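J.: Generate coordinates for the sequence data below:
(chains A and B)
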Amino acid sequence: MDLIAQATRNLFFTGKGGVGKTTVAAATAIAMADMGRRILLVSTDPASNLDEVLGVPLSDTPAAIDDVPGLFAMNIDPEAAAAAYRERVVGPHRGVLPAEAIASIEEQLSGACTMEIAAFDEFAKLLGSQADRAGFDHIVFDTAPTGHTLRLLELPAAWSDFLETGAGSVSCLGPLSGLDDQKELYANTRRALADQQLTTIVVVSRPDEGALSEAERTSGELAALGVTNQRLVLNGLYTASDANDPLARSFAARCRDSLAALPASLAALPRTEIPLAPVNMLGTATLRRLFSGPIRGGATGDDIGIVTTACASFEDLIGKLEARKQGVIMTMGKGGVGKTTLAAAVALRLSASGRRVYLTTTDPAAHISQILGTGRKDLIVSRIDPAAETKAYAAEVMATAGAAVDEQGRALLAEDLRSPCTEEIAVFRAFARVVARGADGFVVIDTAPTGHTLLLLDAAEAYHRQVSHIMSAVPEEVKSLLPRLRDPDFTRILLVTLPEATPVHEAAALQRDLERAGIQPFGWIINQSLTPHKVSDPVLASRQGREGRYIGEAITLARSCYLIPWLAEPLQSLGENTSRKESERHAK
Amino acid sequence: MKIEIYEPAMCCPTGICGPSVDTALVKLQETIRKIEEGSEGRITVRRYNLSANPFDFSNNAPGEMLRVEGTKALPLTYIDGELVGKGAYLSPREMQKKLAERGEGLDLTGKRKAVKRRGCGSACC
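T.: Numbers count the residues shown, from 1 in each chain, chains lettered A, B, ... in the order given. Purely as a prediction, here's the structure:
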């Protein structure tokens, strides 16, 4: 196939969380290595699961993958990159400057800006410089979830502009000293991204409406940035082999319908189709068969009866949430686990009982209103739109700080505000504002995919430390954000997962990170489970048989656990308080 | 004449990256521009940020000041090596006074529009 046989030097895999970017990227890298080429496979996701998919522990330097000669893999972890950068800066001054001064430097270099910059720098090195990529025929990037990817890919353009305009203060480039030296590197990065001979963007999607419309948006935005060499991979295509299995028919119908409505811009791209696998795609041996099948499923002998009785239902969850009058409810987890749908369903149910509910998303890729359709009286839906927030914040700064200086000063300030960090600040402030509303009603927040959420919370932590000794006017809601997130009576966090390896392990990692930040999740939701259904179709039965182990893991990790069966129309089924839902829950 | 300002650890010189923009920093930027333009190159201003330029602290007098008084001594302002401000930025008025004492009569407080250099700086005119 062309994806592998005629691959460009750089391949980027992008798409909505959970569509199988890492799986397809890894399988592609393996197939190319098997043709005798030298491949570097890189994850730039702050919450990378490349280790788990390959079954090999990875670091920030390329490691040879034993079973696949010619394949090397690495993780670019923005947090680790930022920490390494921080140490380079402060290391020489330990013992020379007082500890207090060292701590103040570290504090300034632990914000979202530094992390974004440090990660980008690593990424640019691989893409823009000849030295760092020497010896590799291809670099395959398993990129971060879409919203983040777009920002990462937009950065080279923004930064080159920055460096070209030169004069004036280039504020946020400050943390990266000696940045002028990088000018050529960033210019190369920008050229490489737009060069059709060098770079291919592989848009990965599952055959479902949400993932496809997200893929359409990503594809269009990248094309607008001049990145036009794109391919489409449709992952998880399904046709029922057992026509008597109602669940299989429902699965297949959903797949068929979404393909029939394939957006024209995606339909025009060269396409690769991958059928739904009967097993989790983990390990190099299984990945090798993704393009050269068949992948065998079959029974595992796990007892699935026990695990479902240990979990409560969505109805039980709503009952517990309704026991309070207000507060913040956040759904968190890996991309594609159904956070948006569940947040919307929770919001619908809470508003149906006559309470004022604010539903907000911080996920740059989500379209809550698209899922919800028309609004309801007691349900106020909003989105934290990074572009709009940035514009509003910039206007506010110009009106306050800008008013104190002359015209030329305002021009400089405006230029400063074009920095990539302004968006982080603006989004963060908007997030704090939304959380503050939980004091007088229910606030349901569908947070961005895991990696981005971590950055957001980390920013909250850094800000919290900063604001505690800055006297200037910090909005009240920003000051109280972290205490609010830490208060289990104010904020209830629902970790959403699927009964599969990677989502469960990422939810576990997220729970550990939250606990480190002093935040205790309220409970786990295991979403889209086949276990409560009667299944006879062999592919679905094989997948069902593999759920038990991961449901069991989730139960041991969660304070309380809620299981939701796979539903053809989850929002309709969960969002409406009818007895019809009860029958679906007890489908087994 | 040389003005040196040693500043606390900051992500960016305007404070835009912080949770709120510090007006004093925006004002400082304007003052510096007025000094550089008004003195026609006789006065140079250099800013050192603890997080971006730590070597300029540790190898010089500000490093000693940090060791003795801690970071609350920042920002420090020196004119030709003489300490003229500690713990806070000089206001435009204070800066104007310090410069006048040293024979530089610049207007840093007036609302007069600064001379635009754009368009006649280099080979273009």
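J.: what's the longest helix in chain B?
T.: helix B:23-38 (DSSP state H).
J.: Does that one reach chain A?
T.: Yes. Legend: contact between helix B:23-38 and chain A by Cβ under 8 Å from any Cβ of the partner chain is shown at B:23, B:26-27, B:29-30, B:33. Glycine gets a C-beta too; all of them are placed from N, C-alpha and C.
J.: show me where the stretch 451-588 of chain A has helices.
T.: Using DSSP state H, counting those that start in this stretch, the helices of the stretch 451-588 of chain A run over A:476-479, A:481-486, A:501-516, A:538-545, A:547-557, A:570-575, A:579-585.
J.: The fourth one - contacts with which helices or strands?
T.: Contacts defined by 3 or more Cβ pairs under 8 Å, 6 or more residues apart in numbering or on different chains; DSSP states H and E place helix A:538-545 against helix A:246-260.
J.: circling back to that earlier point, looking at the helices of the stretch 451-588 of chain A, which is closest to A:L54?
T.: helix A:501-516 (11.8 Å; Cβ to Cβ).
J.: buried stuff in that closest one?
T.: Going by neighbour count (16 or more other Cβ atoms under 10 Å in any protein chain shown), the buried part of helix A:501-516 is A:501-508, A:510-511, A:513-514.
J.: and the two most separated of those residues?
T.: A:A501 and A:L514 (20.5 Å).
J.: Contacts only, for the residue nearest to B:R42 when sequence neighbours are not counted.
T.: Distances taken as Cβ to Cβ, 6 or more residues apart in numbering or on different chains put B:M1 closest to B:R42, at 6.3 Å, once the chain neighbours are dropped. Contacts for B:M1 (Cβ atoms under 8 Å, 6 or more residues apart in numbering or on different chains) come out as B:39, B:42-44, B:79-80, B:99, B:102, B:104.
J.: Tell me which entries of the residues you listed lie within strands.
T.: Secondary structure from DSSP state E places B:44, B:79 of these in strands.
J.: Pull out the buried residues from the contacts of B:M1.
T.: B:43, B:79, B:99, B:104.
J.: Okay, the second one and B:R42: tell me how far apart.
T.: In this view, B:I79 and B:R42 are 13 Å apart by Cβ to Cβ, to the nearest Å.
J.: which residues does A:D60 contact?
T.: A:74-77, A:80-81, A:84, A:122.
J.: roughly how far apart are it and chain B?
T.: Going from A:D60 to chain B by Cβ to the nearest Cβ, to the nearest Å gives 23 Å.
J.: Would you mind naming the helix or strand containing that residue?
T.: A:D60 is part of no helix or strand when elements are defined by DSSP states H and E.
J.: For the closest residue to B:P62 other than its chain neighbours, the count of nearby residues, please.
T.: Leaving out its chain neighbours, the residue that sits closest to B:P62 by Cβ to Cβ, 6+ apart is B:Y6, at 4.3 Å. For B:Y6, the tally of surrounding residues (other Cβ atoms under 10 Å in any protein chain shown) stands at 25.
J.: And for the strand or helix carrying A:A343, what's in contact with it?
T.: Using DSSP H and E, A:A343 sits within helix A:339-352. The contact list for helix A:339-352, computed with Cβ under 8 Å, 6+ apart, reads A:210, A:314, A:317-318, A:321-322, A:329, A:331-333, A:357, A:359, A:361, A:363, A:366, A:368, A:371-372, A:376, A:378-379, A:381, A:442, A:444-447, A:494, A:496, A:525, A:527, A:564, A:570-571, A:574-577.
J.: Can you name the secondary structure element that comes next after that helix?
T.: For helix A:339-352, the following helix or strand on the C-terminal side (DSSP H and E) is strand A:357-361.
J.: And the average pLDDT for that following strand is what?
T.: Here strand A:357-361 scores 88 as its mean pLDDT.
J.: got the CA positions of it in CSV?
T.: Extracted C-alpha coordinates of strand A:357-361, given in CSV (Å, rounded to 0.1, in the frame of the first residue of the first chain):
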residue,chain,number,x,y,z
VAL,A,357,-26.8,23.6,35.0
TYR,A,358,-23.8,25.0,33.1
LEU,A,359,-22.2,22.6,30.6
THR,A,360,-18.8,23.7,29.3
THR,A,361,-16.0,22.1,27.3
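J.: Report the inter-axis angle for that strand versus helix A:339-352.
T.: 170 degrees (axes from the mean of the first three to the mean of the last three Cα atoms, to 10 degrees).
J.: A:R38 and A:I526: what is the separation?
T.: A:R38 is 41 Å from A:I526, by Cβ to Cβ.
J.: Kindly report the same for A:N49.
T.: 18 Å.
J.: out of those two, which sits in the busier spot?
T.: Taking other Cβ under 10 Å, A:N49 and A:I526 do not tie; A:I526 has more neighbours (30 against 23).
J.: How about that one, nearest residue that isn't a chain neighbour?
T.: A:L563 (4.8 Å).
J.: Count residues in the vicinity of A:I39, would you?
T.: If we define neighbours as other Cβ under 10 Å, then A:I39 has 26 of them.
J.: To clarify, my last question referred to A:P263.
T.: There are 15 residues near A:P263, going by other Cβ under 10 Å.
J.: my guess is it meets A:E209, correct?
T.: No. The criterion here is Cβ atoms under 8 Å, and A:P263 misses it with A:E209 at 10.0 Å.
J.: returning to that earlier point: among the buried ones among the contacts of B:M1, find the lowest-pLDDT one for me.
T.: B:E104 (89).
J.: mind checking how far that residue is from A:V279?
T.: 78 Å.
J.: As a check, name the ranges of all helices in chain B.
T.: Using DSSP H, helices in chain B cover B:23-38, B:54-58, B:61-69, B:92-101.
J.: buried ones in the second one?
T.: Okay, so that is helix B:54-58. In helix B:54-58, counting by 16+ other Cβ under 10 Å, buried: B:54, B:56-58.
J.: residues from the stretch 301-450 of chain A in reach of chain B?
T.: A:397, A:400-402, A:404-409, A:412-413, A:416-417, A:419, A:421-422, A:425, A:428-429.
J.: okay, the residues of helix B:23-38 next to chain A in TSV with neighbour count and distance to A:S250 next?
T.: Formatted as TSV, the residues of helix B:23-38 next to chain A follow (neighbours: other Cβ atoms under 10 Å in any protein chain shown; distance: Cβ to Cβ, whole Å):
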residue	neighbour count	distance to A:S250
B:T23	19	60
B:V26	25	60
B:K27	17	65
B:Q29	21	62
B:E30	20	66
B:R33	20	67
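J.: Spatially, which two of those are the most separated?
T.: B:T23 and B:R33 (15.8 Å).
J.: circling back to that earlier point, any chance of the helices of chain B in TSV, with distance to A:R549 too?
T.: Shown next, in TSV, are those (distance: least, Cβ to Cβ, whole Å):
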stretch	distance to A:R549
helix B:23-38	56
helix B:54-58	51
helix B:61-69	56
helix B:92-101	69
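J.: Which of the ones you listed sits closest to A:E107?
T.: Among the helices of chain B, helix B:54-58 comes nearest to A:E107, with 13.6 Å by Cβ to Cβ.
J.: Many thanks, we can stop here.
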